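Asker: Predicted model follows, preceded by the sequence.
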2 protein chains.
Amino acid sequence: MKTQLSQRQADAIRYIRNWLMHKGKTPSVRELMTALGYKSPRSAALIIEKLIQKGILRKRSNGDLQLIKDIDADSVHARTVDIPLVGMVTCGVPILAQENIEGYIPVSVSLAKPGFKYFLLRAKGDSMNKAGINDGDLILVRQQSTAQNGDIVVALIDDEATVKEFQHRKNCVVLMPRSNNKSHKPIILTENFQVQGVAVTTIPKLEV
Amino acid sequence: MKTQLSQRQADAIRYIRNWLMHKGKTPSVRELMTALGYKSPRSAALIIEKLIQKGILRKRSNGDLQLIKDIDADSVHARTVDIPLVGMVTCGVPILAQENIEGYIPVSVSLAKPGFKYFLLRAKGDSMNKAGINDGDLILVRQQSTAQNGDIVVALIDDEATVKEFQHRKNCVVLMPRSNNKSHKPIILTENFQVQGVAVTTIPKLEV
DNA sequence: TACAAAGTGTATCATAGTGTATAAAAAAAG
DNA sequence: CTTTTTTTATACACTATGATACACTTTGTA
């Protein structure tokens, strides 16, 4: 399988993959156009035609595009998707709102699997250091509103992104710290609260 | 192999090699024409045909030219080895596959030591300028699949040869940019990915 | 409901650059 | 001089790109 791709075509595939990951659909011709630096929709349409011809894209009956044989994450050819890095959480706003996103970091698709939404969160404090999460680490979080007992979850408590261990009790939810610092206390919540996501991996602090 | 070359043919090879090293492609027929002082594209095309006939150039299936061997390599006193120059990376194929090699460039054996495999790669962008690697520089890479923390490695990320600093963390691998441009982000990968090689030297871009 | 605005994919035509081919002109060799 | 080789001047087909237009769908609003 030796598919000769031009630079533009490779850029297009990566752009489409990211768009799929974050918005759940493929970009329009004009969005691809501006993203690739073209000035005519025709040029982007031609790129798409070429990719369809090469069997990488497919056009469904309803006109939508589908990315076919892209996701083969072998160890030699690493593929990545851009995951938003959430910095400070702004009050009263969804955690993934534009104003909370500091930037996008490429993450291997073997960590951030297409089909789910992820974000990266910078850990603060030492409330989870027994779980290997220390101040400044990056936490890769899969966005979902449900959790199992023992999961490390991200929750919005008092307009702050909190990382704790999830424990569902008889009629309430407890968020447990995992720290050797005794000053951190469990947080007790009612059952009808929502988690923002579940931690998948942590990346030790990157000194930049 | 004593290939007798006319002056014009030798000039053409030098010109083509410079284009390969600095622009990453072979010149068009008309550019060769003006460079050699011809006034008709036919003349330059004839030169190319002759060089193909002598086995110095090769025409690929897609029409691009490839520099098979370099004239300097014929000179006995020059203690050089021909190192493949890798251009666009074809997806799903080893980085040193024939279709990725634009040509061969003579490099001193004091840099490319016999016993290892090397290739040359053209740096793109400014993501490593703090490490002294700037856009357009040629990077001499020793081919190997292991790396130490802090090594400047070449990896295949999203069908592109990426040059970054290698950092192995607890449960993942991070490729760090070394730039004073903040827009470059680290790339987060899993442990089961392979490095293509380690940068040995960089050859700064020269003006043509 | 009706209508306007914006966004969608697609098509048309023009332009510039590409490699290549043809035949005439010029130069070199006999 | 004639013959052969090299160089020139064009022409042709092909590709990539750009500017623009057209019909269609969605969406918000009156």
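Answerer: Yep, it's here.

Asker: Let me see the domain layout of chain A.
Answerer: According to automatic domain parsing, chain A comprises the domains A:7-67, A:80-203.

Asker: Can you give me the first-to-last residue distance of the shortest one?
Answerer: From its first residue to its last, domain A:7-67 covers 18 Å (CA to CA, to the nearest Å).

Asker: what about it and DNA strand D, touching?
Answerer: Yes. Residues of domain A:7-67 are located near DNA strand D by CB under 7 Å from any atom of the strand, namely A:Arg8, A:Tyr38, A:Lys39, A:Ser40, A:Pro41, A:Arg42, A:Ser43, A:Leu46, A:Ile47. Placement of C-beta: from N, CA and C, glycine included.

Asker: Just give the closest residue to A:Ile157, not the sequence neighbours.
Answerer: Of all residues not flanking A:Ile157 in the chain, A:Ile187 sits nearest, at 6.3 Å (CB to CB, 6 or more residues apart in numbering or on different chains).

Asker: phi, psi of the nearest residue to A:Pro27 once chain neighbours are set aside?
Answerer: Once flanking residues are discounted, A:Pro27 sits nearest to A:Trp19: 4.5 Å by CB to CB, 6+ apart. Dihedral angles of A:Trp19 (phi, psi; degrees, to the nearest 10) stand at phi -60, psi -40.

Asker: Looks like A:Lys205 contacts A:Gly136 (just checking).
Answerer: Yes. Because the distance of 3.8 Å satisfies CB atoms under 8 Å, A:Lys205 is recorded as touching A:Gly136.

Asker: how about the residues of chain A near DNA strand C?
Answerer: Within chain A, the positions adjacent to DNA strand C are A:Ser28, A:Val29, A:Arg30, A:Glu31, A:Ser40, A:Pro41, A:Arg42, A:Ala45, A:Ile48, A:Lys59, A:Gly63 by CB under 7 Å from any atom of the strand.

Asker: sorry, back to before: ok, the residue nearest to A:Ile157 to A:Glu165 distance?
Answerer: Relative to A:Glu165, A:Ile187 is positioned 11 Å away (CB to CB, to the nearest Å).

Asker: of those two, who's got more company?
Answerer: In this view A:Ile187 and A:Glu165 are compared by other CB atoms under 10 Å in any protein chain shown, and A:Glu165 has more residues nearby, 21 against 15.

Asker: Touching, the more buried one and A:Ala147? I think so.
Answerer: No. A:Glu165 is not in contact with A:Ala147 according to CB under 8 Å; the separation is 9.6 Å.

Asker: how about the strands of chain A, start to end?
Answerer: In chain A, the strands defined using DSSP state E lie at A:57-59, A:65-67, A:80-86, A:101-108, A:118-122, A:138-143, A:152-156, A:161-168, A:173-176, A:187-189, A:197-203.

Asker: Compare the mean pLDDT across those strands and name the weakest.
Answerer: Ranked by mean pLDDT, these bottom out at strand A:65-67, with a mean of 83.

Asker: quick one: pLDDT of the residue nearest to A:Pro27?
Answerer: pLDDT recorded at A:Trp19 is 89.

Asker: give me every residue that touches it.
Answerer: A:Lys25, A:Thr26, A:Pro27, A:Glu31 (CB atoms under 8 Å, 6 or more residues apart in numbering or on different chains).

Asker: that older thread, ok, what's across the strand from the residue nearest to A:Ile157?
Answerer: Beta-bridge pairing for A:Ile187 (DSSP bridges): A:Leu175.

Asker: thinking again about what came up before, from A:Thr80, how far off is the residue nearest to A:Pro27?
Answerer: A:Trp19 is 14 Å from A:Thr80, by CB to CB.

Asker: can you pull the contacts of the residue positioned nearest the centre of chain A?
Answerer: Compute the mean C-alpha point of chain A, and by CA atoms, centre = their mean the closest residue is A:Tyr118, 2.1 Å away. Taking CB under 8 Å, 6+ apart, we find A:Tyr118 in contact with A:Ile83, A:Val107, A:Ala112, A:Leu140, A:Val141, A:Arg142, A:Gln143, A:Gly197, A:Val200.

Asker: contacting residues for A:Leu189?
Answerer: A:Cys172, A:Val173, A:Val174, A:Leu175.

Asker: want to throw the residues you listed into JSON lines with distance to B:Asn100?
Answerer: Listed next are the contacts of A:Leu189 as JSON lines, based on distance: CB to CB, whole Å:
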{"residue": "A:Cys172", "distance to B:Asn100": "60"}
{"residue": "A:Val173", "distance to B:Asn100": "54"}
{"residue": "A:Val174", "distance to B:Asn100": "56"}
{"residue": "A:Leu175", "distance to B:Asn100": "51"}
